[in-house]
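**Student:** sequence unknown, structure follows:
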């Protein structure tokens, strides 16, 4: 029988902040944006007692807990700690399927000979994570991914829970259906209207009740409610997209403002591609208007690239085409994403570049003209911080005032 672990770091971003800043320990901490449109990225357990949770507006969170401390996210620090945590995982098994920076499935079926039973492995993983990072993790242990994930959530924080084959029904049946992965709030509400509130009721429900809700997926839902899950742990999961987006404090209308913000986003995406040693063959621009209507525009190209100039050139073309359809629209959110990813390879610097394929111009040169610029900027920012150097394309156009040239930047 398989032995699967689900490891979930406890309030990861908030816990990192409390670890790095002792004055925050024991305090209600919110990691997220502090602006009027900011959202909660993570909430410490101290603030969760007030009903604060991730993804809720920061303003609403502060209404529930006015004395909470709001901390700006430090993604580079979280990635650093995440790397330490995942290094621990790989000391026990190569079969690690990362779900996010702070969450992963581990298949330790073949690790038992060296490290003992799954529960002992889980306890040792928790101990090593705490010793190396000062943080706690909750671990679920079972014979499949579904049960391991449910188990990791049952004894948070700093928990270790085992669901043995003989205990599946007794543990799952009383659980509320909202704990079942894949059951969203709207579906859960409809199930509850039908009198189905628990895993057990869902497992035993008649097809006549479930079919109108789930159609051909009815049997799969019933199996999940019964704890049946044959999905393997997939260690070589390929990232599907690299993206960056920004929600603005004030809606943007001017093309110049939108273009400058687009350049910042393309810069972030390019840096992430290079950090992950990936190349992309498709660019997508995401645009959300004031009324929350969201648009996406995509374009594929060849050969693949990891260079910012190419990503930005195509993103600009897509944004310009959208603006031609909706001039002066008030834009609330802007995003840039790349997909069709592949491992980075050394490009022929004397061959046709992706930038040329994207339509390099004097204003937006082909990628090969800036091939050395990207890694240089990456190294400067890695050493001195992300704000150490800015591309000219991310700045407002200069304006003349009293004989002087002034460059305006948005904050």
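**Tutor:** Received it, and whenever you're ready, just let me know what you need. No experiment lies behind these values; they were computed from the predicted model shown. Numbering: from 1, shown residues only.
**Student:** For the rest of this, base every contact and every neighbour count on C-alpha atoms.
**Tutor:** Noted.
**Student:** any idea how far residue 25 lies from residue 235?
**Tutor:** When distances are taken as Cα to Cα, to the nearest Å, residue 25 and residue 235 turn out to be 35 Å apart.
**Student:** Can you list the low-confidence ranges for the protein?
**Tutor:** 236-239, 345-411 (pLDDT under 70).
**Student:** domain ranges for it?
**Tutor:** 1-163, 169-225, 241-405 (automatic domain parsing).
**Student:** right, and those - which one's nearest residue 231?
**Tutor:** Distance to residue 231, taken as Cα to Cα, is lowest for domain 1-163 among the domains of the chain, at 7.0 Å.
**Student:** Pick the most deeply packed of the domains of the chain.
**Tutor:** domain 1-163 (a mean of 19; mean count of other Cα atoms under 10 Å).
**Student:** Okay, now that domain: how far is its last residue from its first?
**Tutor:** The straight-line separation of the ends of domain 1-163 (Cα to Cα) is 13 Å.
**Student:** From the chain's centroid, how far away is it?
**Tutor:** Between the centre of domain 1-163 and the centre of its host chain there is 14 Å, according to Cα atoms, centre = their mean, to the nearest Å.
**Student:** Repeat that for stretch 199-214.
**Tutor:** Using Cα atoms, centre = their mean, the distance from the centre of stretch 199-214 to the centre of the chain it belongs to is 32 Å.
**Student:** repeat for stretch 241-252
**Tutor:** Using Cα atoms, centre = their mean, the mean C-alpha position of stretch 241-252 is found 14 Å from that of the whole chain.
**Student:** So which residues make contact with that stretch?
**Tutor:** 35-37, 258, 265-266, 268-269, 272-273, 290, 330-341 (Cα atoms under 8 Å, 6 or more residues apart in numbering).
**Student:** in which helix or strand would I find residue 335?
**Tutor:** Mapping residue 335 onto the secondary structure by DSSP states H and E places it in strand 331-339.
**Student:** how far away is the nearest residue to residue 51 once chain neighbours are set aside from residue 31?
**Tutor:** The spatially closest residue to residue 51, leaving aside those adjacent along the chain, is residue 64, at 7.0 Å (Cα to Cα, 6 or more residues apart in numbering). In this structure, residue 64 lies at 15 Å from residue 31, with Cα to Cα as the measure.
**Student:** And the strands in the stretch 251-400 of the chain, which stretches?
**Tutor:** For the stretch 251-400 of the chain, the strands defined by DSSP state E, counting those that start in this stretch occupy 278-289, 294-305, 331-339, 342-343, 399-401.
**Student:** tell me the angle of the second one relative to strand 278-289?
**Tutor:** With axes from the mean of the first three to the mean of the last three Cα atoms, to 10 degrees as the basis, strand 294-305 and strand 278-289 are set at 160 degrees to each other.
**Student:** Phi first, then psi, for residue 329.
**Tutor:** Backbone torsions of residue 329, given as degrees, to the nearest 10, read phi -70, psi 140.
**Student:** List the contacts of the residue nearest to it when sequence neighbours are not counted.
**Tutor:** The shortest distance from residue 329 to any residue other than its chain neighbours is 5.9 Å, reached at residue 253 (Cα to Cα, 6+ apart). With contact set as Cα under 8 Å, 6+ apart, residue 253 has these partners: 328, 329, 330, 331.
**Student:** Give me the nearest residue to the first one, chain neighbours excluded.
**Tutor:** Yep, that's residue 328 we're talking about. Nearest in space to residue 328, with sequence neighbours left out and distances taken as Cα to Cα, 6+ apart, is residue 253 at 5.2 Å.
**Student:** same deal with the last one?
**Tutor:** For residue 331, the nearest residue in space outside its immediate sequence neighbours is residue 289; the separation is 4.4 Å by Cα to Cα, 6+ apart.
**Student:** residues touching the one you found, list them.
**Tutor:** 329, 330, 331, 332, 333.
**Student:** Distance-wise, check it relative to residue 251.
**Tutor:** The spacing between residue 289 and residue 251, counted by Cα to Cα, is 8 Å.
**Student:** now the residue nearest the centre of the chain, which residues is it bridged with?
**Tutor:** To find the centre residue of the chain, average its C-alpha atoms and take the closest one (Cα atoms, centre = their mean): that gives residue 100, at 6.3 Å. Partner residues in beta bridges with residue 100, using DSSP bridges, are residue 103.
**Student:** And the contacts of stretch 22-38?
**Tutor:** Residues from elsewhere that reach stretch 22-38, judged by Cα under 8 Å, 6+ apart: 13-14, 17-19, 39-48, 57-59, 67-73, 247-249.
**Student:** In helices, which of these appear?
**Tutor:** Members of the contacts of stretch 22-38 lying in helices (criterion: DSSP state H): 13, 14, 17, 18, 19, 45, 46, 47, 48, 58, 59.
**Student:** out of those residues, what pair is the most spread apart?
**Tutor:** Checking the ones in helices among the contacts of stretch 22-38 against each other with Cα to Cα, the farthest-apart pair comes out as 19 and 59, at 25.0 Å.
**Student:** the helices in the stretch 151-300 of the chain, which residues?
**Tutor:** When secondary structure is read from DSSP state H, counting those that start in this stretch, the stretch 151-300 of the chain shows helices at 168-172, 185-193, 199-204, 207-214, 218-225, 255-275.
**Student:** Redo those as a markdown table? Include distance to residue 147.
**Tutor:** Conversion of the helices of the stretch 151-300 of the chain to a markdown table gives the following (distance: least, Cα to Cα, whole Å):
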| stretch | distance to residue 147 |
| --- | --- |
| helix 168-172 | 8 |
| helix 185-193 | 19 |
| helix 199-204 | 12 |
| helix 207-214 | 21 |
| helix 218-225 | 9 |
| helix 255-275 | 33 |
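**Student:** closest to residue 85 out of these?
**Tutor:** Comparing the helices of the stretch 151-300 of the chain by Cα to Cα, helix 255-275 comes nearest, at 18.6 Å.
**Student:** by how many degrees do the closest one and strand 331-339 diverge?
**Tutor:** Relative orientation of helix 255-275 with respect to strand 331-339: 30 degrees, computed using the same axes, to 10 degrees.
**Student:** going forward can the numbers begin at 48, since that is how I track them
**Tutor:** In the new numbering, first residue 48, that becomes helix 302-322.
**Student:** From the contact counts, what lies against helix 302-322?
**Tutor:** The criterion is 3 or more Cα pairs under 8 Å, 6 or more residues apart in numbering; DSSP states H and E, and the helices and strands that helix 302-322 contacts are strand 288-299, helix 355-372, strand 378-386.
**Student:** Thanks a lot, see you next time.
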